[in-house]
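A.B. asks: Let's see this in three dimensions:
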Amino acid sequence: MNPAPSLAVIGGTGLYALADLQDVETHQPVTRYGALSGPVRVGTLDGRRVAFLARHGEGHSVPPHQVNYRANLAALQALGATRVLALNTVGGITERFAPRVLACPDQLIDYTWGRVSTLCEEPGTEVLHVDFGDPYTPALRRRVLEAAQVAGVVLVDGGCYGATQGPRLETKAEIARLRRDGCDLVGMTGMPEAGLARELGLEYACLAIVANWAAGAGPDPDEAITLQDVLDNVAAASSGVPALVSALLTG
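C.D. replies: Numbers count the residues shown, from 1 in each chain. Next up, the predicted model:
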């Protein structure tokens, strides 16, 4: 019998599998919060067990505002995960975060609305007031940064992630507001996932994969965003992720 995975990786847009997984088992439990985005693939990477879940489903069929974040995280925890590495495909707003950059943000602003954002939703459940001043677990962030060094992966330390509703991309005026608010990155899936992980007691860190300049940002503020450019940039920026995950598992 294989040991339980202590680390779970959640993949975002363009990341529907974790390369180099061996001896893969498939799990698709139904949780008290309902169904997951898709199957959880649990496999071996360099001798260690790790779980992988595609946040949008393996065919990218679940939009950001309809992801069952509670079910996804609860299932990963039930399979044994105590740490979650979230891969989020994002747009870059400020100069350090150009396309093809890989970053490990340390702050977060939530602009989403209407999503189930707490385990306290149902009547009679315990009300939780978790400390969320540091939305990403500092100890796990340090380990991710160390793992990147070991793996030879260039990783930008820090940055503020602005979580927007989606699924549409943002207007130039919205990105200008995010910049004024202090956001460096913009994505659609950073919340409520991070907050729910905190309520569940999971360690949680983000690897932000910069797929494009956000609207109005970058050297050409009128440059159009194409799907092919996004996919190409995600593939290039995420090429070192398996080596980073492997270093994180063995570190």
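A.B. asks: Now do the helices for the stretch 51-200 of the chain: every range, in order, please.
C.D. replies: 69-78, 138-151, 172-181, 193-200 (DSSP state H, counting those that start in this stretch).
A.B. asks: remind me which residues of the protein are low pLDDT?
C.D. replies: 1, 251 (pLDDT under 70).
A.B. asks: and the residue nearest the centre of it, what is it in contact with?
C.D. replies: Closest residue to the average C-alpha location of the chain: Ala86 at 2.9 Å, with Cα atoms, centre = their mean. For Ala86, the contact set (Cβ atoms under 8 Å, 6 or more residues apart in numbering) comprises 9-10, 12, 189-190, 193-194, 204-207. The C-beta positions use only the backbone N, C-alpha and C, and glycine is treated the same way.
A.B. asks: What's opposite it in the beta bridge?
C.D. replies: Per DSSP bridges, the residues bridged to Ala86 are Ile10, Cys206.
A.B. asks: nearest to Phe132, of the helices of the stretch 51-200 of the chain?
C.D. replies: helix 193-200 (5.9 Å; Cβ to Cβ).
A.B. asks: Go ahead and name everything in contact with the closest one.
C.D. replies: Under Cβ under 8 Å, 6+ apart, the answer for helix 193-200 is 10, 55, 67, 69-70, 72-74, 77, 84, 86, 108, 110, 117-120, 128, 130-132, 135-136, 203-204, 206.
A.B. asks: right, so of the helices of the stretch 51-200 of the chain, which gets closest to Val30?
C.D. replies: helix 69-78 (8.0 Å).
A.B. asks: buried residues in that closest one?
C.D. replies: 69-77 (16 or more other Cβ atoms under 10 Å).
A.B. asks: Also stretch 236-246?
C.D. replies: Those would be 237-238, 240-246, for stretch 236-246 by 16+ other Cβ under 10 Å.
A.B. asks: Which stretches in this protein count as strands?
C.D. replies: 7-11, 22-27, 40-45, 48-54, 83-92, 102-104, 107-110, 156-157, 160-163, 185-187, 203-213 (DSSP state E).
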